[in-house]
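Peer 1: I'd like to go over a predicted model; first the sequence, then the structure.
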Amino acid sequence: MKRYGVYICHHCGNAFSKESKTKRSNCPRCDGKIKPVEMFPVFTTDDIALAAKGVRHANLTNLGGEDVEKIKESLLQWEREIGITADPYTKQLEKLKKNRDYTEEELVECLSLNIKKVKEFMSAAIERGDLYEPKAGHFRRI
């Protein structure tokens, strides 16, 4: 897990950063209480300066009244534009061929990871929109 996360307040739409391990928080803008079940980061990093840039980007994006999903999409695009693509996740993703289905077992072999790490990778890849499941038990890179 990355050390810092960028979170969006569900009350006022303000983006803020905090350590990922913190379970509860109050929004620094509206002081709204954010329950642990609502604490999902839209962006994570180990670099505090990059987290601050992510907050700035999310708040600038949100000025137009966009919803959280659009902010998440914008942050992912921003990650790619500034070059946060040399992370281990992206290196693993690049090992997969496009237009080919992989089973979990094939992903373990192809990525040289244990099954637990492959499941974490698949979850992250599906969430980010880089991988999908065209049929049950088969995964394909987009």
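Peer 2: Thanks, I have the structure now.
Peer 1: which residues are in contact with the nearest residue to residue 115 once chain neighbours are set aside?
Peer 2: Distance criterion C-beta to C-beta, 6 or more residues apart in numbering; nearest residue to residue 115, sequence neighbours excluded, is residue 108 at 5.7 Å. C-beta coordinates here come from the backbone N, C-alpha and C atoms, glycine included. Neighbour list for residue 108: 114, 115, 118 [criterion: C-beta atoms under 8 Å, 6 or more residues apart in numbering].
Peer 1: go ahead and confirm residue 141 touches residue 95.
Peer 2: No - judged on C-beta atoms under 8 Å, residue 141 makes no contact with residue 95 at a distance of 9.4 Å.
Peer 1: looking only at neighbour counts, state which of those two leads.
Peer 2: residue 141 (17 against 11; other C-beta atoms under 10 Å).
Peer 1: what bridges to that one?
Peer 2: Counting by DSSP bridges, residue 141 is bridged to residue 98, residue 131.
Peer 1: just for this protein, where's the confidence low?
Peer 2: In the predicted model of the chain, residues 1, 36-39, 62-69, 71-72, 80-91 satisfy pLDDT under 70.
Peer 1: again, 50 this time
Peer 2: For the chain, applying pLDDT under 50 flags the ranges 85-86.
Peer 1: and it, what are its domains?
Peer 2: According to automatic domain parsing, the chain comprises the domains 4-82, 88-141.
Peer 1: in the protein, which spans are strands?
Peer 2: According to DSSP state E, the chain carries its strands in the segments 4-8, 15-19, 25-26, 33-34, 43-45, 101-102, 131-135, 138-141.
Peer 1: helices along this protein, start to end?
Peer 2: Secondary structure of the chain by DSSP state H: the helices cover 48-62, 68-82, 88-94, 104-111, 115-128.
Peer 1: and those, which is most packed in?
Peer 2: Most buried of the helices of the chain by mean neighbour count (mean count of other C-beta atoms under 10 Å) is helix 48-62; its value is a mean of 18.
Peer 1: just the C-alphas of that helix, formatted as PDB.
Peer 2: The C-alpha coordinates for helix 48-62 follow below in PDB (Å, rounded to 0.1, in the frame of the first residue of the first chain):
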ATOM      1  CA  ILE A  48       4.200  13.500  -0.400                       C
ATOM      2  CA  ALA A  49       5.000  16.200  -3.000                       C
ATOM      3  CA  LEU A  50       3.200  14.200  -5.700                       C
ATOM      4  CA  ALA A  51       0.300  13.700  -3.300                       C
ATOM      5  CA  ALA A  52       0.100  17.500  -3.000                       C
ATOM      6  CA  LYS A  53       0.100  17.900  -6.800                       C
ATOM      7  CA  GLY A  54      -2.600  15.200  -7.000                       C
ATOM      8  CA  VAL A  55      -4.800  17.300  -4.500                       C
ATOM      9  CA  ARG A  56      -4.200  20.400  -6.500                       C
ATOM     10  CA  HIS A  57      -5.100  18.700  -9.800                       C
ATOM     11  CA  ALA A  58      -8.200  17.100  -8.300                       C
ATOM     12  CA  ASN A  59      -9.400  20.400  -6.800                       C
ATOM     13  CA  LEU A  60      -8.800  22.200 -10.100                       C
ATOM     14  CA  THR A  61     -10.700  19.500 -11.900                       C
ATOM     15  CA  ASN A  62     -13.600  19.700  -9.400                       C
END
